[in-house]
Every structure is written in structure tokens, then in C-alpha cells.
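**Q** Below is the structure, and that's it, no one-letter string:
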Ligand SMILES: O=P(O)(O)OC[C@H]1O[C@](O)(CO)[C@@H](O)[C@@H]1O
């Protein structure tokens, strides 16, 4: 694991942006993208830049079950708002949370990932150590799957919803094995609330109880954290 410690999230987003500049210059074709508050500043930097994504494929980590792409709380909508409307990609994929066949949707997504192996996967970090929506206890060999969200994740995500009772309780997420199949991984974590998960991810045992700990076993992982997120290292 390469750890880049920065003074604040703005500097972290800039360092992350430079990693993308370098990756695109070297011919990266497929970006694994993430949602949540953490990557927003990075996406702003993409939007303000001259980077051209029009030959690239984007594959997102996850989507809520039951929300259509038009739903302002959906991750489809999030990606449109923060990135895709400004920076068109050749093609973009996000799990279909509104599928009529929610059992089949994960398989369809795995086929997409197999056809477009991810060069650089962006990750945020849940306070409980989740990556994507892979909650503690998710098998390390999991591929795309339907997830029952934990109470703590539902509570953490309630901040984005006007009515906390309407936070979805399920999601479709790329699995841990899907994430680990990416050639390079870049994880961003900022703020005190992430400090315990960061410490466990970096220094704790590799355990399914802390999904991000598996990243210790990936050959090419970079972690950008600010001082607050690094405070328990
Ligand atoms: O970036 P945030 O909003 O802190 O979220 C951290 C993680 O939690 C999720 O939003 C899911 O709860 C992930 O998509 C994200 O990586």
C-alpha cells in the first residue's frame, strides 16, 4: 500500500487528480468510479480540467435497489450531476437498481466488468470499513451482488435524504473480488469519522469483518488520507 498523507481534502483531491492525469497519459481505458461525498472534489477537478474522457469507459461500484436513474438520490443521478453531464465518456455503466429482475442484474454487471477489465478503481471508505457497498462480513470472493445495508450505513447515508425513512435498505454492489480485479486501486478517505476504519484497513488483520483490509493484498493500491483520517495510524 502506498499511503499519501495530506493536510486536507482539497490537497487530497489534487493529488488524486494528478494520479488520473498520469494514468490517462499512459493509456488507461477503463475507470472504476465511486459515489459518496468523498470523490466530489476530485470530480470537480475533472470537470475544470482539459482531461478528455470521451474514449474511456466508466464502471461504477454500486447503486441503490429501487431507485430509477431519474431519482435525485440515485447514484445514476449523482454521476450525471457531478461528472457525466460535463465530461462525456465513451460509455458508462452503473448497476441497474430498478431492474425488474434484481436477481439477474448482478450477473449482467459481472459480464460487463469481464468485458471491460478495470484499469483504475476509485474507492471511498465506509466508517465500518466497507468498500463499494460491501458491508462487514461480505466474502472476499464475492462478485456483484445484492446487499442488505447495515443500520450504520443507512444512518450514514441518511444525510443525503430529506426524509431519513426513505433511505434504501438494499443496494447492488460490485463485490470484493470485482474490486480486487482492478489493475490499480485508489482509495480516498478524509475526516475523523474515517480514522478507525483507516487504521484497521492499514494495520489490522486482513479479515472479512473489515472489508477494506483486503486491500493489503492488492499489488497496486494508493491511499490518500488527510491528517484527520490518519489520526489513528
Ligand atoms: O464518501 P462518503 O460519503 O463518506 O461515503 C463513503 C462510502 O460510503 C458509500 O457512500 C456507501 O455508503 C460509498 O459509496 C462510499 O465509498
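**A** That came through, no problem. Please read these numbers as outputs of a predicted model, since none were measured by experiment.

**Q** Any chance you could list what contacts the worst-scoring helix or strand of the chain on mean pLDDT?
**A** Ranked by mean pLDDT, DSSP states H and E, the weakest helix or strand in the chain is helix 151-157, scoring a mean of 89. Outside of helix 151-157, the residues within contact range by Cβ atoms under 8 Å, 6 or more residues apart in numbering are 126, 127, 128, 130, 133, 135, 149, 167, 169. Quick note: C-beta positions are derived from backbone N, CA and C, even for glycine.

**Q** Any idea how many residues pack against residue 112?
**A** Under the neighbour criterion other Cβ atoms under 10 Å, residue 112 is assigned a count of 14.

**Q** Next, the contact list for it, please.
**A** Residue 112 touches 59, 93, counting by Cβ under 8 Å, 6+ apart.

**Q** in what helix or strand does it lie?
**A** Applying DSSP states H and E as the criterion places residue 112 in helix 105-115.

**Q** What strands line up against the helix or strand just after that helix, and which way round?
**A** Next helix or strand after helix 105-115 toward the C-terminus (DSSP H and E): strand 120-123. When sheet partners are counted by DSSP bridges, strand 120-123 sits next to strand 30-33 (parallel), strand 184-189 (parallel).

**Q** Now the last one: buried residues?
**A** Spelled out, it's strand 184-189. For strand 184-189, burial by neighbour count (16 or more other Cβ atoms under 10 Å) applies to 184, 185, 186, 187, 188, 189.

**Q** my guess is the second one meets residue 125, correct?
**A** Meaning residue 185. No. Using Cβ atoms under 8 Å as the test, residue 185 is too far from residue 125 to be in contact (11.6 Å).

**Q** Ok, which of the strands paired with strand 120-123 comes nearest residue 211?
**A** Residue 211 lies closest, by Cβ to Cβ, to one member of the strands paired with strand 120-123: strand 184-189, at 11.5 Å.

**Q** pLDDT on the closest one, on average?
**A** Strand 184-189 shows a mean pLDDT of 98.

**Q** same thing with stretch 48-58?
**A** Averaged across stretch 48-58, pLDDT comes to 98.

**Q** hang on, the earlier thing: now the least confident helix or strand of the chain, how far from the chain's geometric center?
**A** Centre-to-centre, helix 151-157 and its host chain are 16 Å apart (Cα atoms, centre = their mean, to the nearest Å).
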